[in-house]
Structure formats: structure tokens, C-alpha cells
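Asks: show me the folded form of this:
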Amino acid sequence: MQNNSFLKLLFLVSIVAFFASCDKDFNEIGADIIGDDHFGLIQDTTKTVIAYNQSIGAVESSNLTLNALGYYNNDFFGKTRASVVTQVVLDTLNQTIGTTPTVTKVELSLPYFSHLKEKNTTTGDSTYYLDSINGTAKIKLGVYESKYYLRDYDATSGFIDGQKYYSDATSEFDSNKNPTRLNDDTDASQNDQFFFNDAEIKTYKTVDGAQVVDTRSAPGMRLKLNNQFFQDKLFGTGAAGKLLNNDVFKRYFNGLYLKADNADNSPNQGSLASLNIKLGKIIVTYNVTVTSATGAVTIKEKKFGISLGGNSVNLFENDYNTGYATQVTSATNATTGDYRLYPKGGAGSMAVIKLFGADVRGYYTNGVAPQIANGVADELDDLRHPFDGQKLLVNEANLTFYVDRASMTELEEPNRIYLYDLNNHTPIIDYYIDGSVGSTSKLNKKIHGGILEKDVLSSIVTKRGIKYKIRLTNHIINLISKDSTNVKLGLVVTESIATSGNSKLKNTTSGANPFSKIPTSSVINTLGTVLFGNNIPNDIANKANYAKRLKLEIYYTKPN
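Replies: The predicted model follows:
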């Protein structure tokens, strides 16, 4: 009897567990990442998607959270020179200098984004991998005194609005710089043959007559700057009263101009880094004379700290390849869409996406459509008002962008793309409600997606991108169930999914629906990618690419 009771209880528990598991599977569809098996859901890929290219032009690039610095030649898109102008600020206000200061060393330091690969337990040495560096070749890097004062506020607005500076102002800053290069060391790696070095930075000291490691730091820029310039600037006669506070100091020493170009022996290569310029620091080492109470004279070493804080501007000089430039300007088709899409960061380009096609006939009532436009796309009307009267329950909706791997062969690829509401310049609802966390902050909101999916074949050393998948399930649900406005969508590359603000375009775009902003996340990522669009012919010559055309996938059920 006890065994029978136990078996009955075990059977009952198993049944409950089975139905609970089934219920869990049903409820979680669309609430998390799911695979290709959609559990018998109805798949609809027939809805119209029109996607076309839009050139951006010069963009506001002042006070970015990250700055591009370097020279990079992308075989598909073309050449980009990225330079930075930044204010400098005093670490210590009204610092006591001392008697007869004499500068002995000036060093500019700026950390790179890196992560530790391994540490040698015997030597204590660490090896690092540099993040956010495109290319490996050397560049020419010059550091100059900027003679251009970067204002906080715009005088034309009555000093109400913040001052905006744009990415195409290179010539203006070139004409307002001290022409003498400050990183003038005879070591060419400090200037004409500069490269982003991944080596651990070590300083040394002498112990018992031997050189030993004193400090260790992660990789970063270390540039020697001209001693005499800082001797005159900080301790010369013109510096009197200029070190009192930063308002005075920034008008006296307007800042630095870090100008990048190709190395003379490398016109078609180079490297470009993403940096937080505000983490940069200048340490001026100088000696002063100290006289004791007994009259003894000694030399004392002191430090003077200057940070690369305050306002900054990222400058882009682009020499785009003719093919790319043509595709995002005169060759684009806003009516039927484009064969390929070319989202490119910096002062580049983006894609505009329209869902559900045209508005012609209105929606069916009792089997009859009025044949009068009602402001809603007909395909969306059919989802809102099904012909058979059965409302749809949308479980998932995706846009999948396949990479044109032939165009992107061996080229650096952006790790993420970003879809947003182009009409209102805001993220779509799926962005807001996704709280999923990735292995790094750049991979957060992984359910919403847009993260590059790469080839996983072990035989491929450098894994290449296959596609980007973006889930817009709740956006589609709101369009169908809550009569939300069917806005145009914008697609850009992104550096960080956490950055959802906008930067102003220097010139409003042309076309039927002009706009004047671009997501800042695209400005700070200079990479680009080539994606298949919607307008691919269904013929023998294009058969393989037609299968990869941009489609809206909607998975839904019809309740009984």
C-alpha cells in the first residue's frame, strides 16, 4: 500500500511538472533569446521592408565620450584621418612653484582600452590585448599647441546653448595652431613612426646599483614633449597670474591639437584608436632651488600636473572611395530600397527603413475595403483588422541584416548596429525594456540584439561576421495592438549600446523626410559594414544574395 501510494504521488508530481514546464516554454517565447525552432508558430515574412542609404556629412563632434585618433585606410570605404583638439586644465589651482624652476621632463600619457591576456609569475611581466584599435601599421602623430579657444556657450544664442563644433573643421584648427611640434623627440616612434604599442609600461629605479622595475602600467600613449615650451608657458614672464584658476588658464593656454596622418612610408595603411581623451595627463617634472635656514642650497624635484579636460573636438578628414560615396548619395533609392546598405560611423552614412509598404485602400470591414488612404499602411491595417476577424498574438519579430562578406573580406567589422526611431530620434521600446546583461557593457541588451554573429568554424583563425539580428517584438506589438505610429527607423553602427543620445548634423539631410540628428554612438565609431538590403532581384544571377535579403520576420499565433 505504501509503495502504491508513493507511485501515485510520484506520477502526480511528474504530471504537474510536465504541464508547468510546457506552460513555462509557452510564456517565455518572445521574452528571451530563442532558437530557430519556433514551436510550430506561424511565420510571416511577406510584409514589405524598404531600406535605403542616407549620407550624413559633417556631424557635431564636440565633447564626445570617446574620441577617434589615427589614420586608417579601409579598402572598401576609403581613408579617414581622425584628430583631436582638447582643452587642458590645471590639476592643482594656484600651485606654489618655487624658486628658479627648471623643467627637466614633460610627458603626455593617455591610456588605451586593453585587457590582460596573461601574467608571467616568474618575471611579473604582463601581456595585454588592445581593444578598439583598427589596423596595426604606423602613423604620423603630431602634438601642437592649439591657439583656438573652445567656448562653452554659443554667442549666437545669447550664450544659452552649448557651443557646437563639427567634424569638418580641420582647416580652421590647422590655421590656429602653433606650427612647432611639441613631440619632437629624435625617437621616430614618438612622432613620424608612431604606433599603438600593446606592451606593458614599466618604470625603473636603482636599488643597490642595479636597475629594477619600479611601477607597471597597462598599455598607453607615452609621448615626450618639448621642455622649453613648457618652461616658457608655465614659468615664463607671460605666465604671471595665469595659474590662478582654470578659467584664466584655459584662455591663456587654449589646449592641445593631436593631429594624425599617414606615415610617409605607409600611405595606404595605418591604425586608428578609440580613446577617452579626458583621461590624458601631462606631467611636467621640474627642479627648484631650496635654501635652508643655514644657507645651504639644494635642488628639489617637483611635479606639475595638467589634465586633458574641458571641451574637445574630434576632427575627421575622409577621402571616401568613389563607389561607396556614389552608393550613399546619387545611387540610393528611397522608393524601392537599395540592394546593399552601408552604415558607416563618424561622418559617414546610415540606412533608413520603412515597414509595411504603401497606404492605398484602408482596411476591410465586412469584407469590403473603402479604397481610400487612411494614413496607415495597408499591410499594417491587415494585421490590425484581420480579414477573418482573428486577432494575432505576436510572439516575436526580427529584422536580420546579412553581411555582404565578399565586400567585407579581411576588413574590420563593427561589433554592433543600432536600430532607432528616426522620426523622434529615440530608441524603440525593445531597447528600453531589455535589461539583459552581456559579458561586457557593450554587449548589454543582448535580447534586443544587433550584435555581430560570427562564423564559428574552428578552421577560421579570424572569425568573420555573418549577420546582425535585431528583435523589435514589442515595437511590432505596439503597432498592431496599440495603434502606435509606424515611424521610419534608422540603422547605424554603434560603439556602445548604452549611448542613446544624439549629435546634430551640420547640414539637414535632403529628401522627402529630412532630419538633423544622428545617434552619438555612431559618431564615436568610425567603422562601417556592408549589409544586404531589400531590393535584390529574384533571378539566377542573384539567387544566393536574394536569400539573404532584408526581411521582417513575424512569428505569431491565432487564439481559438
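Asks: from here on, just use CA atoms for contacts and neighbour counts.
Replies: Noted.
Asks: now do the buried residues in the longest strand along the chain.
Replies: The residue-count maximum for a strand in the chain (DSSP state E) belongs to strand 99-111. By neighbour count with 16 or more other Cα atoms under 10 Å, strand 99-111 contains the buried residues 101, 102, 103, 105, 106, 107, 108, 109, 110, 111.
Asks: same check on stretch 117-131?
Replies: Neighbour-count burial for stretch 117-131 flags 126, 127, 128, 129, 130 (criterion: 16+ other Cα under 10 Å).
Asks: again with stretch 449-459
Replies: Neighbour counts over stretch 449-459 (16+ other Cα under 10 Å) mark 449, 450, 451, 452, 453 as buried.
Asks: and for stretch 395-409?
Replies: Under the neighbour-count criterion of 16+ other Cα under 10 Å, stretch 395-409 has 395, 396, 397, 398, 399, 400, 401, 402, 403, 404, 405, 408 buried.
Asks: contacts for it, please.
Replies: With Cα atoms under 8 Å, 6 or more residues apart in numbering as the test, stretch 395-409 has contacts from 29-30, 76, 464-473, 476, 529-533, 548-557.
Asks: quick one: buried ones out of those residues?
Replies: For the contacts of stretch 395-409, a burial check counting by 16+ other Cα under 10 Å picks out 29-30, 76, 464-473, 476, 529-533, 548-556.
Asks: which of those residues fall in strands?
Replies: Those of those lying in strands (DSSP E): 465-471, 531-532, 551-556.
Asks: same question for stretch 419-433, mean pLDDT?
Replies: Mean pLDDT, stretch 419-433: 97.
Asks: ok, now stretch 200-220?
Replies: Rounded mean pLDDT across stretch 200-220 is 91.
Asks: cool, and stretch 81-88?
Replies: Rounded mean pLDDT across stretch 81-88 is 98.
Asks: now stretch 315-324
Replies: In the prediction, stretch 315-324 has an average pLDDT of 97.
Asks: residues of that stretch that come out buried?
Replies: With burial defined by 16+ other Cα under 10 Å, the residues of stretch 315-324 counted as buried are 315, 316, 317, 318, 320, 324.
Asks: and the gap between the residue most central in space within the chain and residue 132?
Replies: Nearest to the mean C-alpha position of the chain, counting by Cα atoms, centre = their mean, stands residue 495 at 1.9 Å. Distance, residue 495 to residue 132, using Cα to Cα, to the nearest Å: 9 Å.
Asks: now residue 463. Nearest residue, chain neighbours left out?
Replies: Leaving aside its sequence neighbours, residue 463 sits nearest to residue 455 (Cα to Cα, 6 or more residues apart in numbering; 5.4 Å).
Asks: where do the helices sit along the stretch 401-550 of the chain?
Replies: Assigned by DSSP state H, counting those that start in this stretch, the stretch 401-550 of the chain shows helices spanning 429-433, 473-481, 520-523, 543-546.
Asks: minimum distance to residue 152: which of these has it?
Replies: helix 520-523 (19.0 Å; Cα to Cα).
Asks: can I get the closest one in PDB, CA atoms only?
Replies: Taking C-alpha atoms only, helix 520-523 is exported to PDB below (Å, rounded to 0.1, in the frame of the first residue of the first chain):
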ATOM      1  CA  THR A 520      26.100  59.900 -31.000                       C
ATOM      2  CA  SER A 521      27.000  56.200 -30.700                       C
ATOM      3  CA  SER A 522      27.600  56.200 -34.400                       C
ATOM      4  CA  VAL A 523      29.800  59.300 -34.400                       C
END
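Asks: for the stretch 251-400 of the chain, which segments count as strands?
Replies: Under the criterion DSSP state E, counting those that start in this stretch, the stretch 251-400 of the chain contains strands at 256-262, 271-275, 281-291, 297-307, 312-320, 340-341, 349-355, 393-402.
Asks: and of these, who's closest to residue 150?
Replies: Closest to residue 150 of the strands of the stretch 251-400 of the chain, according to Cα to Cα: strand 312-320, at 7.5 Å.
Asks: which elements pack onto that closest one?
Replies: strand 78-86, helix 170-174 (3 or more Cα pairs under 8 Å, 6 or more residues apart in numbering; DSSP states H and E).
Asks: next one: it to chain centre, how far?
Replies: 15 Å (Cα atoms, centre = their mean, to the nearest Å).
Asks: stretch 127-146 now?
Replies: Centroid separation between stretch 127-146 and its chain, computed with Cα atoms, centre = their mean, is 17 Å.
Asks: list the buried residues for that stretch?
Replies: Buried residues in stretch 127-146, defined by neighbour count with 16+ other Cα under 10 Å: 127-130, 132-135, 137-146.
Asks: now swap in stretch 429-439 and tell me
Replies: For stretch 429-439, burial by neighbour count (16+ other Cα under 10 Å) applies to 429, 430, 431, 434.
Asks: helices or strands next to the longest strand of the chain in the packing?
Replies: In terms of contacts (3+ Cα pairs under 8 Å, 6+ apart), strand 99-111 is packed against strand 220-224, helix 227-235, strand 281-291.
Asks: alpha carbons of the helix or strand that comes right after it, as CSV, please.
Replies: Downstream of strand 99-111, the first helix or strand assigned by DSSP states H and E is strand 114-119. Provided in CSV are the C-alpha atoms of strand 114-119 (Å, rounded to 0.1, in the frame of the first residue of the first chain):
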residue,chain,number,x,y,z
SER,A,114,43.0,46.9,-23.2
HIS,A,115,42.6,43.7,-21.2
LEU,A,116,45.1,41.4,-19.6
LYS,A,117,45.9,38.2,-21.5
GLU,A,118,48.4,36.7,-19.1
LYS,A,119,50.9,37.4,-16.4
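Asks: ok, and what's touching strand 114-119?
Replies: If you take Cα under 8 Å, 6+ apart as the criterion, strand 114-119 is touched by 125, 126, 127, 128, 129, 130, 131, 218, 219.
Asks: now do stretch 385-393
Replies: Against stretch 385-393 from outside (Cα under 8 Å, 6+ apart): 363, 364, 365, 367, 383, 384, 556, 557, 558, 559.
Asks: same check, this time on stretch 219-238
Replies: Contacts of stretch 219-238 (Cα under 8 Å, 6+ apart): 101-112, 114, 128, 130, 182-185, 190, 196-201, 239, 243, 253, 284.
Asks: where does the protein have low pLDDT?
Replies: Low-confidence segments of the chain, defined by pLDDT under 70, span residues 1-40, 457-462, 560.
Asks: which residues touch stretch 321-336?
Replies: Against stretch 321-336 from outside (Cα under 8 Å, 6+ apart): 50-55, 76-79, 338, 342, 349, 535.
Asks: same thing but at 10 Å, please
Replies: 49-56, 74-79, 319-320, 338-343, 348-354, 357, 511-512, 530, 534-535 (Cα atoms under 10 Å, 6 or more residues apart in numbering).
Asks: buried ones in that stretch?
Replies: 324, 325, 327, 328, 332, 333, 334.
Asks: gap between the two ends of it?
Replies: End-to-end for stretch 321-336, by Cα to Cα: 25 Å.
Asks: contacts only, for residue 307.
Replies: Listed by Cα under 10 Å, 6+ apart, the contact partners of residue 307 are 86-91, 108-109, 277-283.
Asks: so residue 128 versus residue 220, what's the distance?
Replies: The gap separating residue 128 from residue 220 is 11 Å, by Cα to Cα.
Asks: sorry, back to before: give me the common contacts of residue 495 and residue 132.
Replies: Joint contacts of residue 495 and residue 132 (Cα under 10 Å, 6+ apart) are 274, 525.
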